[in-house]
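[1] Kindly generate the corresponding structure for this input.
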Amino acid sequence: MHQSLMAGMGSLLLSRLAATGRAATAASTLDIKSLFESKDPELLRLAEDVFRQCVLGKIKPPEGIFKRRWLLAGTGNAFYGQWLWDTMFVVDLLAILPDQKEVIRDIFQNYWDFQERWNAVRPDYAHDMIPCMIEPNRKDWNKYPAYSQIPILAWGLERVFKRNGDKELLRQSLAPLEKFHEWYWRERDVTNAGLIAVGAYSGVVQHARYETFDYECNLDDLNLTVHPTRKGPDEGAWYGDICASGNTAYLIMGENSLMRLAEIMGDTAMAKRRQQRIGKSVAAMRQHMWDEESGCFLSVKRDTLEKIKTATIGSWIPLATDVPTEAMTKRMAEAFMTEHWQTPLPITTVDRKDKRWNPNGYWRGDIWPAPNYQVAGGFAQHGYQKIAADIADKTIANALKNGISEHYNPVTGKPLGVPYIGMCCTIVTMMLDGLSSRHELKLKKTS
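    Presented below is the predicted three-dimensional model:
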């Protein structure tokens, strides 16, 4: 379908975008509605708004340490840089458009360029990290941010490849991407349990929390420690003592994507290495993070593997992987339908019965379109389409009513945070992935 779309649109409309990166100019001339079909004109308007503001409007020309085109995460001066997590949702939709292969290669190459710069100035143990964000004009980029983010690069790369079939992108990306994954296991699974913690070379606890969902309640008691086994002369207290269910699931998700892409490129050795990582981590999550009582996966203390009895949005991310067994997914579906999680606008970012729940709280009771999209996709993947559709339809309906924003109040639906932040494009992705039932939007088929 995507190939026919590209053929039908041709290269004329977006050639200037690919050549110059001046997305705002190109977006004003592109008939975005012609890409889609829907019986509801409001959904066509929503899709046009999202593509103009959250996708095409985020492409920026080279600036500062960016020697290539890059993707702005936020709006205006808010989140002025290329983030790791946010960007993957945007390139997924950008790959639908024709003549965007080189732009997307630039966006990914920014990560690999940073990796080389970082390796040149940091000690061996820190080599191959990809940071939470790359800010074009930051002079102390080698010191801040000294932490990473949710490991979703491989998932985004696979989504792009499924849309545009760009093997050159895979050739440039798989080797540095695997190095990044190995950094994650080496520096975030410091007890070799197969479970991923958070951390920061700055030694600042909040920086470590930024590696996942910023202010999740299950990380309130996080401490940073020295490495439990490595005793180098310049070691610091950089390693979090809590393993996060969300980040562990995201790395498994990424490993599955990297394994499949390696197989596509004929690199069976890489695929085998990734499979070994996946198997160990899946077993560890099932054994140590699954909690039958709460009906979801909980974060655990790194050194004792004791469960932290706080369920958050990260507790549901394993649904987007093959971690839950059939019995576990059944229990998760039951738990999700209880008053602990059923808010007028799902999915609240912490159990509604938690004493810290605040509907306006930043990752402490609010809702976010991007994790909503991935959890809904996870429910659908495991056969719970009705739950998936309920999440998706309510998220889309609220965006139609209250606009496109970073996050929302789950009771009133009112927008919170930055409008038109890039990752809000997932409001459209939900429909294109067929997760919604009341809101239907599809890519237009062309001859």
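[2] who are the neighbours in contact with the closest residue to Ile152 other than its chain neighbours?
    Excluding the flanking residues, the one nearest Ile152 by C-beta to C-beta, 6 or more residues apart in numbering is Met88, at 4.9 Å. All C-beta atoms are positioned from the backbone trio N, CA, C, and that covers glycine. Counting by C-beta atoms under 8 Å, 6 or more residues apart in numbering, Met88 makes contact with 152-153, 155-156, 159.
[3] from those, which is closest to Ala397?
    Arg159 (24.8 Å; C-beta to C-beta).
[4] element containing the closest one?
    helix 153-164 (DSSP states H and E).
[5] After that helix, heading C-terminal, what element do we hit next?
    According to DSSP H and E, the helix or strand after helix 153-164 is helix 167-188.
[6] Need the three-state assignment for Pro359.
    coil (DSSP: H, G, I helix; E, B strand; the rest coil).
[7] separation between it and Asp214?
    Pro359 sits 17 Å away from Asp214 when distances are taken as C-beta to C-beta, to the nearest Å.
[8] who has more neighbours, these two?
    Pro359 (21 against 13; other C-beta atoms under 10 Å).
[9] got the contact list for that one?
    343, 348, 365-366, 409-412.
[10] will you turn those into TSV that also has pLDDT?
    TSV is the format used below for those (pLDDT from 0 to 100):
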residue	pLDDT
Thr343	98
Thr348	98
Gly365	98
Asp366	98
Asn409	98
Pro410	98
Val411	98
Thr412	98
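[11] For the protein, which residues score under the pLDDT cut-off?
    For the chain, applying pLDDT under 70 flags the ranges 1-30, 446-447.
[12] returning to what we had before: buried only: go through the contacts of Met88 for me.
    152-153, 155-156, 159 (16 or more other C-beta atoms under 10 Å).
[13] what two of these are the furthest from one another?
    Leu153 and Arg159 (10.8 Å).
[14] Nearest to Ala327 among the contacts of Met88?
    Trp155 (25.8 Å).
[15] The nearest residue to Asp189 once chain neighbours are set aside: how many residues sit nearby?
    Spatial nearest neighbour of Asp189, chain neighbours left out: Ile196 (5.8 Å); criterion: C-beta to C-beta, 6+ apart. If you count neighbours by other C-beta under 10 Å, Ile196 ends up with 30.
[16] Now for Ile196: which residues touch it?
    Contacts of Ile196 by C-beta under 8 Å, 6+ apart are 151, 184-185, 188-189, 243-244, 247-248, 251, 281.
[17] any chance of those in CSV, plus distance to Ser436?
    Output for the contacts of Ile196, formatted as CSV (distance: C-beta to C-beta, whole Å):
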residue, distance to Ser436
Pro151, 28
Tyr184, 33
Trp185, 36
Arg188, 35
Asp189, 36
Cys243, 33
Ala244, 29
Asn247, 28
Thr248, 28
Leu251, 28
Ser281, 31
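[18] Using CSV, please lay out these together with neighbour count and distance to Ile313.
    Below are these laid out as CSV (neighbours: other C-beta atoms under 10 Å; distance: C-beta to C-beta, whole Å):
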residue, neighbour count, distance to Ile313
Pro151, 27, 16
Tyr184, 23, 20
Trp185, 18, 23
Arg188, 24, 19
Asp189, 21, 22
Cys243, 29, 16
Ala244, 34, 11
Asn247, 26, 12
Thr248, 33, 14
Leu251, 27, 17
Ser281, 23, 20
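[19] just these now: which is nearest Tyr80?
    Pro151 (22.9 Å).
[20] where does the residue positioned nearest the centre of the chain sit relative to Met423, distance-wise?
    Closest to where the C-alpha atoms of the chain average out (C-alpha atoms, centre = their mean) is Trp85, at 4.0 Å. According to C-beta to C-beta, Trp85 stands 7 Å off from Met423.
[21] and for these two, which residues touch both?
    With contacts defined as C-beta under 8 Å, 6+ apart, the residues shared by Trp85 and Met423 are Ala370.
[22] Could you identify the buried members of the contacts of Pro359?
    343, 348, 365-366, 409-410.
[23] on that earlier part again, and the residue nearest to Ile152, how far is that from Tyr111?
    Separation of Met88 from Tyr111 (C-beta to C-beta) stands at 11 Å.
[24] shared neighbours of those two, anything?
    By C-beta under 8 Å, 6+ apart, the residues touching both Met88 and Tyr111 are Leu153.
[25] what are the ranges of the strands in the stretch 101-250 of the chain?
    With DSSP state E, counting those that start in this stretch as the criterion, the stretch 101-250 of the chain has strands at 133-134, 197-199, 224-225, 239-243.
[26] hmm, back to that, got a markdown table for the buried ones among the contacts of Pro359, with secondary structure and distance to Asp124 too?
    Below are the buried ones among the contacts of Pro359 laid out as a markdown table (DSSP: H, G, I helix; E, B strand; the rest coil; distance: C-beta to C-beta, whole Å):
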| residue | secondary structure | distance to Asp124 |
| --- | --- | --- |
| Thr343 | coil | 47 |
| Thr348 | coil | 42 |
| Gly365 | coil | 41 |
| Asp366 | coil | 40 |
| Asn409 | coil | 46 |
| Pro410 | coil | 45 |
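[27] from those residues, which is closest to Asp234?
    Closest to Asp234, out of all of those and judged by C-beta to C-beta, is Asp366, at 39.2 Å.
[28] give the contact list for Ile242.
    By C-beta under 8 Å, 6+ apart, the neighbours of Ile242 are 197-198, 218-219, 221-222, 299-302, 308.
[29] Over to the closest residue to Pro62 other than its chain neighbours. Which of the three states is it?
    Excluding the flanking residues, the one nearest Pro62 by C-beta to C-beta, 6+ apart is Arg68, at 6.0 Å. Following three-state DSSP, Arg68 is assigned to coil.
[30] Which of the strands of the stretch 101-250 of the chain has the highest mean neighbour count?
    Stretch with highest mean neighbour count among those: strand 197-199 (a mean of 28; mean count of other C-beta atoms under 10 Å).
[31] Since that was my last question, I'll sign off now.
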